[in-house]
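**Student:** 3D model of this:
(chains A and B)
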Number of protein chains: 2
Amino acid sequence: MIKVGIIGVGTVGASVVNILKENADVISARAGVDIVAKSGVVKNLNKDRSYLGIKISDNVDDILNDDEIDIVVELMGGVEEPFEVVKRALKSGKAVVTANKALLAYHRYELQEMAQDIAFEYEASVAGGIPIINALRDGLSANHIESIMGIMNGTCNYMMTKMTNEGVAYNDILKEAQELGYAESDPTFDVGGYDAAHKLLILASIAYGIDAKPEDILIEGIQNVSQDDISFAKEFGYVIKLLGIAKKDKNEVELRVHACLIKKQEMIAKIDGVMNGISVVGDKVGETLYYGPGAGGDATASAVVANIIDIARSGKSKPMLGFDKPMEGKLTLKATDDIESKYYIRINVSDKKGVLARITKIFEDNNISVETMLQRPSLANSANLLISTHIAYERDIQTMMKEIEKLEFVNFAPVMIRIV
Amino acid sequence: MIKVGIIGVGTVGASVVNILKENADVISARAGVDIVAKSGVVKNLNKDRSYLGIKISDNVDDILNDDEIDIVVELMGGVEEPFEVVKRALKSGKAVVTANKALLAYHRYELQEMAQDIAFEYEASVAGGIPIINALRDGLSANHIESIMGIMNGTCNYMMTKMTNEGVAYNDILKEAQELGYAESDPTFDVGGYDAAHKLLILASIAYGIDAKPEDILIEGIQNVSQDDISFAKEFGYVIKLLGIAKKDKNEVELRVHACLIKKQEMIAKIDGVMNGISVVGDKVGETLYYGPGAGGDATASAVVANIIDIARSGKSKPMLGFDKPMEGKLTLKATDDIESKYYIRINVSDKKGVLARITKIFEDNNISVETMLQRPSLANSANLLISTHIAYERDIQTMMKEIEKLEFVNFAPVMIRIV
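**Tutor:** Numbering: from 1, shown residues only, chains lettered A, B, ... in the order given. Presented below is the predicted three-dimensional model:
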C-alpha cells in the first residue's frame, strides 16, 4: 500500500483525497497497488476538514518525518517555502508530486538535480487536467520541437471569448470574471500574463532544455485589448487570444507571452471560454494539439493523482524534465529585441491633415512595412488608425511606438498586438 | 547502446530509421542512451533500400535470432503472421513496438499476458502521431472514463469535410481521395468503418479493460451519406463525421463506429480534413481532446520512436493495457439492440396523399418520437423526408427502418444517421 501526505489541503488537495477514495477501484487496478491519502497539513486548523477522513495538522514535520508516507503532494503555493519543503521531502527519500508552477518557474533545474534518484512529478502545474507534460516529455520525445503555442490561462481566454462573441468591454468582462471566481480581486497575475509565463517556462524546459526565469522573457497581458482591436481582427479573419509561445529559430529559442491575433481557421483559435489548449509542432509529427480544462479542483487533482499512480507503479522511471544530457547542442534564449513578428497597431489620432503621411514616414524610417490600414472615426474629431505590418523586428516596433507616442496629434499611447 | 530491428520496412519503417538517425541528438538526450536501427526485414528484396544504411534481409530470423537486437519494431501489417513474429520476439526476451492495430484488435489480451515482464508498446496503432495511448493510459489514469469519441480515420474525415465545405458528391470525393493516396483502391476498410473500429477496441481496452473483437460491435461506414443529409445537418447546426464511440452506461460499455451528426460547437466537430481527434471524458477531469495527424510515415514513426525511447530509458514500467487487476467490477459489452441514441432518418417517397400519415404511424408504433421533420422535393414526383427523432432504442429503429423500406411508396432503402 502506498501512503500519500498532502501539504496544502485547499480545493485541489481535497479533490486529491476524494479521488483517491472514490476512484480507488480503477486506481488500484492501474497502479497495481492500493493508494491512500494518510494525512494533510494546512495553515489554519480552524476550518472543519473532518469530512475528508484524514489526519490534519498544521505542522509539515508531521508529513516530512512520517516514515509511512511514500509520496508527498505539495499544494502550498508560493515559491521559497514550498521549495524548502520539497527539498526536505526528496532528501528523506519521499517522492514528490506538485501542482506548483511558480516553484517550477524558478527552481526546476535545481529540483531536477536533486531528484536524480527519486520521482518528482508536476503534471498539474501546466494546463490543469490536460496531460501536456506527459505528451511533450514522452509522447513527442522523438521530435525536435519547432514550436509550442498555448492558451494556458483560462481567465484570459474566458475574457477574450466574451469580448469577441458578445462585444463586452474589457472592464465589464473583468468584473464578471471576478464575480464568477475566474479572476482574483488583484487580477494582474492572470491578465498580465505572468501565470501563463510560468507554465510556458516549464514546457520550454522539457522541449528545449532551456533555462530561463520569468524576468528573462517577454511578458505582456491583455489589459490593452479593446473592442476596436477585436473588430479589426474579425474583419481580417483573426481572433485575439493570450498565448504563451516558445519557438526555435536555429540555435535560439524565443519565449514570450502576449495577446495575439490568430487566423480563425487555426485549431487553437477555436478554443473558447475557460478552456486551455496547447499546440505543439514537432519536426516529425507535425502539429498536435491538447485541449481541456486548465483549472478547477477535480481537473487539477486528476493530474496530481495520475502522477501518484505513475510513481506507485513505476517509481523513478525517467528524468524529471525528460532528458539526461543537454539536447540539440547549445540552445540559447533569443533576445526580445531580435524577435520577428507581424504586428497590428492601433493609433488614436486627431483628425488633421498630414497625419497619415507623418505616421507612414515613421513606419518607413523604422524599416516597418504596412500590410493593411483602416481608418475608423473615433470620439469627436479623432480617428483610430488600425494598421497591420509585414514581418518586422521587435526592436524596430518598440522604437517606432515610442516615436509615434510623442507626436502631437496622437491622443493616447498606441496599442500593439502581435500577429501569429 | 540500444539496437533496434525493424520487421516491415515500408514508409513508416523507413521513417523510423531516418528519425533515429536525424534526431539522434534529442533521442539520446531523452533516452539517456544511444539508439540505432541495426537491421530490417522486408518481403521483397528487389527494391533498393541501401539509402537507409541498415542491413536488410527477407528472413525474420535475422532479427529474431540476433542477440544484439534489444527492441523489435513490427510494421508488417496483417494479423496472424505478425502475431507469430511478435510472440517469438517476446519469448526471446526482446521488447516489441508495433503500429499494427489489426494485430491488437484481435490479440491484445493474449499479448498483455505474454508481455508481463517485457515491454510491449503500440502508441502508433491509434491515431498515428497523437500520443493518445499515453494520455489515456497514463495522463487520465485517475479517472473512470465516461466516454471516448474519436475521429480516428483521416480518409473518412477528409471526405466528409470536402462534402460539407464544397458540396462534392460522395462518389466524386472518394475518387479524389483515391487519387491523393488517402484511400485504397478497395476503400472498404476505411469508408466502411473497420479501421476506426480496430482503434476503438484498443482504446476501450485501456479505458475499461473490456474485451471485444471487431465482429462483436456495431460498425457502419459513411457510404450512405449524401448531400441531402449534409444540408439537413447544416440547417440544424450539425456536421456529419465518422466517429468511434465508447461509452459507459452503468455496468455496460457500448462500442460503435458510424457516421454521426454532431453539434457544430463541439470541439470534435471542428476537426477538419485528414486530421484525427479524440475526445475523452473522465469523471474527474471532464472533457479533454487530442488532435493531430492520424497517418503518414513520419507522424506514425514519431509515435513508434517515442515508444522505443521510453523502453530504452524505463524498460517495462507499466502493464501493456494499463491495468494489473480487473477494473470497475464487471463491465460488459452492451448489446447493439440496447443502444440508445437520437436518430436522423432520410426517406425518399413518391409524392402521394397519405404518405406522411402512414410514416408517422409507423414511427409511433415503434415507440419513436419525431423531433423535427423536413420535406424536400427530390426527383420527379418524389420527395425526401428528413426526420430527426428523440432518444430511441436501436432495436426499435432497426425494426422501423425495415417496415418503412417495405412501403410501396418508399423508393429506396431509407438512410439513418445517429445524432450524438
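
**Student:** Just want the angle from the one helix or strand A:Tyr290 maps to to strand B:286-293.
**Tutor:** Assigned by DSSP states H and E, A:Tyr290 belongs to strand A:286-293. Counting by axes from the mean of the first three to the mean of the last three CA atoms, to 10 degrees, strand A:286-293 lies at 170 degrees to strand B:286-293.

**Student:** Which elements pack onto the helix or strand following strand A:286-293?
**Tutor:** Later in the chain than strand A:286-293, the nearest helix or strand by DSSP H and E is helix A:297-314. Helices and strands touching helix A:297-314, by 3 or more CB pairs under 8 Å, 6 or more residues apart in numbering or on different chains; DSSP states H and E, are strand A:2-7, helix A:11-22, helix A:24-31, strand A:35-41, strand A:71-74, strand A:95-98, strand A:120-121. For the C-beta atoms, the positions are set from N, CA and C on the backbone; glycine is no exception.

**Student:** Can you lay out those as JSON lines showing mean neighbour count, distance to chain B and mean pLDDT?
**Tutor:** Formatted as JSON lines, these follow (neighbours: other CB atoms under 10 Å in any protein chain shown; distance: least, CB to the nearest CB, whole Å; pLDDT from 0 to 100):
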{"stretch": "strand A:2-7", "mean neighbour count": "24", "distance to chain B": "12", "mean pLDDT": "98"}
{"stretch": "helix A:11-22", "mean neighbour count": "22", "distance to chain B": "5", "mean pLDDT": "98"}
{"stretch": "helix A:24-31", "mean neighbour count": "22", "distance to chain B": "4", "mean pLDDT": "97"}
{"stretch": "strand A:35-41", "mean neighbour count": "22", "distance to chain B": "10", "mean pLDDT": "98"}
{"stretch": "strand A:71-74", "mean neighbour count": "26", "distance to chain B": "13", "mean pLDDT": "98"}
{"stretch": "strand A:95-98", "mean neighbour count": "26", "distance to chain B": "12", "mean pLDDT": "98"}
{"stretch": "strand A:120-121", "mean neighbour count": "25", "distance to chain B": "11", "mean pLDDT": "98"}
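
**Student:** Let's verify the closest residue to A:Leu203 other than its chain neighbours: helix, strand, or coil?
**Tutor:** In this structure, A:Leu203 finds its nearest non-sequential neighbour in A:Ile148, 5.4 Å apart by CB to CB, 6 or more residues apart in numbering or on different chains. Of the three states, A:Ile148 takes strand according to DSSP: H, G, I helix; E, B strand; the rest coil.

**Student:** Count the residues that sit near A:Ile148.
**Tutor:** Neighbour count for A:Ile148, taken as other CB atoms under 10 Å in any protein chain shown: 26.

**Student:** Please apply the same query to A:Lys250.
**Tutor:** 7.

**Student:** Run through the helices of chain A in chain order.
**Tutor:** Ranges of helices in chain A, per DSSP state H, are A:11-22, A:24-31, A:61-64, A:80-91, A:101-114, A:132-134, A:154-166, A:170-179, A:188-191, A:194-208, A:227-235, A:297-314, A:355-365, A:394-406.

**Student:** now those helices in JSON lines, with distance to B:Pro131?
**Tutor:** Below are the helices of chain A laid out as JSON lines (distance: least, CB to CB, whole Å):
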{"stretch": "helix A:11-22", "distance to B:Pro131": "23"}
{"stretch": "helix A:24-31", "distance to B:Pro131": "17"}
{"stretch": "helix A:61-64", "distance to B:Pro131": "34"}
{"stretch": "helix A:80-91", "distance to B:Pro131": "28"}
{"stretch": "helix A:101-114", "distance to B:Pro131": "22"}
{"stretch": "helix A:132-134", "distance to B:Pro131": "8"}
{"stretch": "helix A:154-166", "distance to B:Pro131": "23"}
{"stretch": "helix A:170-179", "distance to B:Pro131": "33"}
{"stretch": "helix A:188-191", "distance to B:Pro131": "29"}
{"stretch": "helix A:194-208", "distance to B:Pro131": "14"}
{"stretch": "helix A:227-235", "distance to B:Pro131": "32"}
{"stretch": "helix A:297-314", "distance to B:Pro131": "14"}
{"stretch": "helix A:355-365", "distance to B:Pro131": "44"}
{"stretch": "helix A:394-406", "distance to B:Pro131": "34"}
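
**Student:** can I get the CA coordinates of the strand holding A:Tyr290 in CSV?
**Tutor:** The C-alpha trace of strand A:286-293 is given here as CSV (Å, rounded to 0.1, in the frame of the first residue of the first chain):
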residue,chain,number,x,y,z
GLY,A,286,3.8,18.0,-37.4
GLU,A,287,1.1,19.8,-35.3
THR,A,288,-0.6,18.1,-32.4
LEU,A,289,-3.0,19.9,-30.0
TYR,A,290,-4.1,19.2,-26.5
TYR,A,291,-7.4,20.6,-25.2
GLY,A,292,-9.1,20.5,-21.8
PRO,A,293,-9.8,22.2,-18.5
